[in-house]
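Asks: Here you go, sequence then predicted model.
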Amino acid sequence: MSAHIIDGKAHAAALRAELKIQAAALSAKGLQPGLAVVIVGDDPASRTYVRNKVRACEEAGVYSETHQLPADTPESGVLARVRELNSNPRIHGVLVQLPLPAHINEPRVLAEVLPQKDVDGFHVHSAGALFVGAPHFVPCTPAGIIYLLEKESISIAGRHAVVIGRSNIVGKPIALLLLQRDATITICHSRTTDLGVHTRSADILVAAVGRLNFVTADMVKPGACVIDVGTNRAPDGKLCGDVDYETVKSVAGSITPVPGGVGPMTVAMLVANTLRAADHRTQD
Ligand code: NAP
């Protein structure tokens, strides 16, 4: 039997249509939501991500600005630009596209973003709020995964969720969000031994590794929900996830494809977070 395919593209389109209505309502009150994206250097993948984010904002009626800085911009220059955007009333969300060039201290730049404008959810304030179970801005990819699970009525409470990957932007936050929804959590990483023993007991398996075809059918419990976060390029240039999709889909109960699974949700959640940031402003 083949797994149910979780259509992230369709869910994201439906969410973006709802967000467009909310953005119009805020604009009618004289508060058009605004997002600024700071990108340093010209990494082609980053440029594509930023283009997609800006396009999604425009389609939803969110004002957006892209601040493209040269690769050799000193850290002080990036910090100064973030500070400018923090104090710009037209801008409700400030996002610094990662990765930054090696000479720039990433945590220092992320810490400069005003917590009220931290629509990427990468500031320690947002991370801490998530840790104590009172999320403020949730990072977009984990938020998108939870949205998909809830929309697809995949039960979380009491289930065993295994997350492969422990990054600050995907692995740790998705584990915390699943924990808050009463799943039992296992977090795996590059030093985990007997990975398959863990993954085979997962009712929900989240792969956030960044390695092509890393999760194979023999690592998946029959009927499990498999969420593929990975974005990798196959030798032929095709975009592929971390999961060996063709074989795993005959074992899993449900699965997100790449492309068209988690990726579109990440962008939609950024728009959602920008609207939340603007909406908070109305309550100031
Ligand atoms: P990351 O920071 O490189 O983290 C990768 C994680 O995988 C690390 O925790 C690493 O463990 C773990 N890992 C590496 N090799 C492993 C192994 N052999 N066994 C078990 N765990 C292993 O990456 P990330 O930023 O979380 O992103 C992960 C993937 O998701 C990437 O492909 C990225 O492009 C993609 N992504 C997609 C979206 C989207 O919207 N679709 C958004 C964000 C990221 P250690 O901690 O021990 O090194």
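Replies: Looks like it came in fine. Residues are numbered from 1 along each chain as shown.
Asks: Any buried residues in stretch 47-56, and which?
Replies: Buried residues in stretch 47-56, counted by 16 or more other C-beta atoms under 10 Å: 49, 50, 53, 54, 56. Where you see a C-beta, it was placed from the backbone N, CA and C, and this is true even at glycine.
Asks: Please apply the same query to stretch 221-229.
Replies: Across stretch 221-229, burial judged by 16+ other C-beta under 10 Å covers 221, 224, 225, 226, 227, 228, 229.
Asks: What sits closest to the first one if chain neighbours are left out?
Replies: Closest residue to residue 221 apart from its sequence neighbours, by C-beta to C-beta, 6 or more residues apart in numbering: residue 200 at 5.4 Å.
Asks: Verify the stated contact: that neighbour with residue 223.
Replies: No. Taking contacts as C-beta atoms under 8 Å, residue 200 lies outside contact range of residue 223: 11.9 Å.
Asks: need the strands for the stretch 101-250 of the chain, in chain order.
Replies: For the stretch 101-250 of the chain, applying DSSP state E, counting those that start in this stretch gives strands covering 160-164, 184-188, 204-207, 225-228, 232-233, 239-240.
Asks: among these, which is nearest residue 133?
Replies: Comparing those against residue 133 with C-beta to C-beta, the closest turns out to be strand 184-188 (13.6 Å).
Asks: Give me the contacts around the closest one.
Replies: 158-166, 171-172, 175, 178-179, 195, 198-199, 201-202 (C-beta atoms under 8 Å, 6 or more residues apart in numbering).
Asks: Restricted to buried residues, select these in PyMOL.
Replies: The buried subset of the contacts of strand 184-188, as determined by 16+ other C-beta under 10 Å, is captured in PyMOL by this line:
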select buried, resi 159+160+161+162+163+164+165+166+171+172+175+178+195+198+199+202
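Asks: and the ligand, which of the contacts of strand 184-188 reach it?
Replies: 164, 165, 166, 171, 195 (C-beta under 6 Å from any ligand atom).
Asks: what's the spacing between the residue in the stretch 1-150 of the chain that the ligand sits nearest to and residue 174?
Replies: Residue nearest to the ligand within the stretch 1-150 of the chain: residue 141 (4.1 Å; C-beta to the nearest ligand atom). The spacing between residue 141 and residue 174, counted by C-beta to C-beta, to the nearest Å, is 8 Å.
Asks: And the pLDDT at the nearest residue to residue 138 once chain neighbours are set aside?
Replies: Nearest non-adjacent residue to residue 138, counting by C-beta to C-beta, 6+ apart: residue 121, 5.2 Å away. Note for residue 121: predicted pLDDT of 98.
Asks: can you check the one 3 residues further on too?
Replies: Looking at residue 124, its pLDDT is 97.
Asks: do the same with residue 282
Replies: 72.
Asks: how about it, what does it touch?
Replies: Residue 282 touches 26, 29, 31, counting by C-beta under 8 Å, 6+ apart.
Asks: Kindly report the residues of the stretch 51-200 of the chain close to the ligand.
Replies: Near the ligand, when you scan the stretch 51-200 of the chain using C-beta under 6 Å from any ligand atom, you find 141, 164-167, 169-171, 188-192, 195.
Asks: ok so, going back, and the contacts of residue 282 as JSON lines, adding neighbour count, pLDDT and distance to the ligand?
Replies: Formatted as JSON lines, the contacts of residue 282 follow (neighbours: other C-beta atoms under 10 Å; pLDDT from 0 to 100; distance: C-beta to the nearest ligand atom, whole Å):
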{"residue": "26", "neighbour count": "19", "pLDDT": "96", "distance to the ligand": "25"}
{"residue": "29", "neighbour count": "10", "pLDDT": "94", "distance to the ligand": "31"}
{"residue": "31", "neighbour count": "16", "pLDDT": "95", "distance to the ligand": "28"}
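Asks: Can you flag which of the residues you listed belong to helices?
Replies: Counting by DSSP state H, the contacts of residue 282 place residue 26 in helices.
Asks: From the contacts of residue 282, pick the one nearest residue 210.
Replies: Closest to residue 210, out of all of the contacts of residue 282 and judged by C-beta to C-beta, is residue 26, at 36.0 Å.
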